[in-house]
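Trainee: Dropping a prediction and its sequence here:
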Amino acid sequence: ADTPIHATPAGGLALRPQDERHVRFEAESQDLAWLNLLLGGEVEVGGTLQADVQGRSLPNGRWTLSGPVRGDGLRLLIADQGVRLLDGTLQARFDGTQVLLEHLRFPAVRRVTPKEWRTATWVAENPDAQNGALDLSGAWDLLESQGRVNIAFRRYPILQRSDRYAMISGDLQIEATLPEIHLGGKITADAGWFDLDMLNAIPSLDSDVVILKPGARDVAPPASPPMDLRADLTVDLGPRFYLTGFGLDSGLIGSMNLRMQAGRLTALGQLRTRGGAINTYGQHLQLRRGTITFQGDVANPVLDIQALRTDVAVQAGVRVAGTARRPRIDLMSIPEVSETEKLSWLLLGHGPDQGGADMSLLFSVGSSFLSGGEPFYKRFGLDELSMRSGELGSTGSILPVESVVSGLDTGASAIEQRFVLAGKTLTDDLRLSLEQAMAQTGTVARLSYRLMRGLQAEVTTGTVSGLALVYRWFSMD
């Protein structure tokens with residue numbers, strides 16, 4: 001202040017001294033686009049600021065500031081994450097050594113319609129999903145490098161991408177005395193969706209690959225003071241959070257507490273699936289149970305997941321237990337049967353036949369390796385394609401095809417008793433199958449209809465024709 005200041009920097013900021021102890025800063029319609037040069041392209045900001053700030057030099061050499069700052073059309077874009085804060089308005093003022101943020105408000109702007117139909121329907125039709133906003137307020141001391149910020153989310157669509165969506169409500173508090181920063185509060189998802197298939201599209205480099213910018217090899221990175229970030233944040237997934245992709249389609253509920261201390265992130269809480277199903281091993285399995293329990297390490301939760309094929313007499317499926325780093329996958333069934341029978345009911349929808357169970361299972365399981373985990377016949381609309389041994393037309397029946405006398409020592413070779421079975425489930429209760437002998441011209445078509453649990457009607461035509469009512473039950477003895 002002892003020397004008069006006469007300068008007009010780019011962007012229209014004018015500095016005009018009023019006397020030797022006072023300086024007035026005026027900025028009208030200051031465009032913030034120039035800040036993007038400093039941010040390097042990962043974050044984009046924009047909008048206009050208007051300010052009328054007066055500065056006063058004190059005898060001790062310090063400065064105090066006063067005057068308002070207003071902003072319009074503010075925007076903050078992090079495009080790769082789907083974060084777009086648009087049409088923001090700012091009202092702030094300088095008071096001594098403090099900057100008082102009276103309000104920074106971003107109204108909810110819906111740009112992307114979620115591809116997940118349940119989320120899209122709720123967002124479009126529910127009045128609670130409309131007129132959301134993000135509001136910030138607080139204060140920062142320029143001299144002491146400390147302050148606080150309160151962040152309030154109200155039905156705000158913070159993430160809007162084609163593969164993920166999140167509308168949240170809640171309150172966060174940030175308190176800082178640099179270099180220490182503390183984050184706390186609770187966030188609830190009003191609606192959310194995450195497409196797991198997007199994980200396949202994320203490129204990654206091997207751990208031994210290091211990318212250097214031009215000239216980075218010769219210039220040491222600048223030292224920066226370490227930030228001590230501490231967090232105590234509760235995240236509640238709410239009643240409308242869904243996961244899809246990788247064959248999974250399920251709701252996810254529950255909450256978890258995230259804590260950051262000494263650079264270590266931990267989590268406590270439990271997430272649970274809500275209904276839903278998963279397509280795996282070429283079958284549609286219902287999620288009977290699905291819990292993910294966090295007990296510390298956020299990257300290594302405890303798993304307890306059960307998925308069953310429920311459209312068959314023996315409900316067979318898989319159980320995943322253990323931790324994320326060391327999962328244990330086992331076959332399970334209701335009622336309990338042998339491991340071979342579990343696999344047969346899971347993959348084929350029926351128990352193994354006595355003559356060719358091993359061949360049938362190997363054919364079905366082996367075929368999955370030819371098509372990236374899904375049996376190749378699924379691409380032709382079939383639910384089963386297997387090789388079996390026995391009498392043509394006997395599949396699924398407990399009755400002999402021939403009488404005792406006519407079936408004595410027919411002299412048929414093993415290859416003559418082999419046939420190929422192709423099956424298709426038309427509805428939950430109706431199934432169509434076709435059996436073709438390998439060494440003969442015999443062909444049998446079968447239509448099965450489940451009347452109730454354990455009871456089904458079967459109609460066969462072709463080489464073997466007939467009508468049967470078959471009732472099955474399983475004893476645990």
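Mentor: It's in.
Trainee: From Val235, how far off is the residue nearest the centre of the chain?
Mentor: Averaging the C-alpha coordinates of the chain gives a centre point, and the residue nearest to it by CA atoms, centre = their mean is Phe194 (3.4 Å). Spatial separation of Phe194 from Val235 under the definition CB to CB, to the nearest Å is 13 Å. Bear in mind the C-beta positions are built from the backbone N, C-alpha and C, glycine included.
Trainee: swap in Ala176?
Mentor: Relative to Val235, and taking CB to CB, Ala176 is found at 21 Å.
Trainee: Gly442 against Arg418, yeah?
Mentor: No - the pair Gly442 / Arg418 is not scored as a contact, 11.4 Å apart, by CB atoms under 8 Å.
Trainee: neighbour-wise, which of the two wins?
Mentor: Arg418 (19 against 16; other CB atoms under 10 Å).
Trainee: ok, that one touching Glu391?
Mentor: No - when contacts are counted by CB under 8 Å, Arg418 is not listed as touching Glu391 (11.2 Å).
Trainee: Lys342: which element?
Mentor: helix 339-348 (DSSP states H and E).
Trainee: which non-adjacent residue is nearest Val314?
Mentor: Using CB to CB, 6 or more residues apart in numbering and skipping residues adjacent in sequence, the residue nearest Val314 is Trp345, 4.5 Å away.
Trainee: Below-threshold pLDDT in this protein: ranges please.
Mentor: 1-41, 199-226, 281-282, 353-380, 387, 389, 394-417, 438-440, 474-477 (pLDDT under 70).
Trainee: Assign a three-state SS to the residue lying closest to Thr97 once chain neighbours are set aside, would you?
Mentor: With sequence-adjacent residues excluded and distances taken as CB to CB, 6+ apart, Thr97 is closest to Leu143, at 4.1 Å. Assigned by DSSP: H, G, I helix; E, B strand; the rest coil, the conformation of Leu143 is coil.
Trainee: Would you check how far apart Leu143 and Arg93 are?
Mentor: Taken as CB to CB, the span from Leu143 to Arg93 is 16 Å.
Trainee: Surely Thr121 is within a strand?
Mentor: No - counting by three-state DSSP, Thr121 falls outside a strand, being helix.
Trainee: What number of residues are in the vicinity of it?
Mentor: By other CB under 10 Å, neighbour count at Thr121 equals 12.
Trainee: what's the spacing between Arg446 and Arg472?
Mentor: The value you get for Arg446 to Arg472, if CB to CB is used, is 16 Å.
Trainee: Compare those two and say which one has the larger neighbour count.
Mentor: Arg446 (23 against 14).
Trainee: and the helix or strand harbouring the more buried one, how far from the chain's centre?
Mentor: Arg446 belongs to strand 443-452 when assigned by DSSP H and E. Strand 443-452 has its C-alpha centroid displaced from the chain centroid by 39 Å (CA atoms, centre = their mean, to the nearest Å).
Trainee: Show me what counts as buried in it.
Mentor: Neighbour-count burial for strand 443-452 flags Thr443, Val444, Ala445, Arg446, Ser448, Arg450 (criterion: 16 or more other CB atoms under 10 Å).
Trainee: In JSON lines: those, plus distance to Phe153.
Mentor: Conversion of these to JSON lines gives the following (distance: CB to CB, whole Å):
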{"residue": "Thr443", "distance to Phe153": "65"}
{"residue": "Val444", "distance to Phe153": "63"}
{"residue": "Ala445", "distance to Phe153": "60"}
{"residue": "Arg446", "distance to Phe153": "58"}
{"residue": "Ser448", "distance to Phe153": "54"}
{"residue": "Arg450", "distance to Phe153": "49"}
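Trainee: ok, and for stretch 230-250, which residues are buried?
Mentor: Per 16+ other CB under 10 Å, stretch 230-250 contains these buried residues: 231, 233-238, 240-244, 247-250.
Trainee: do stretch 117-132 as well
Mentor: Neighbour counts using 16+ other CB under 10 Å place Thr119, Ala120, Trp122, Val123, Ala129, Gly132 of stretch 117-132 among the buried residues.
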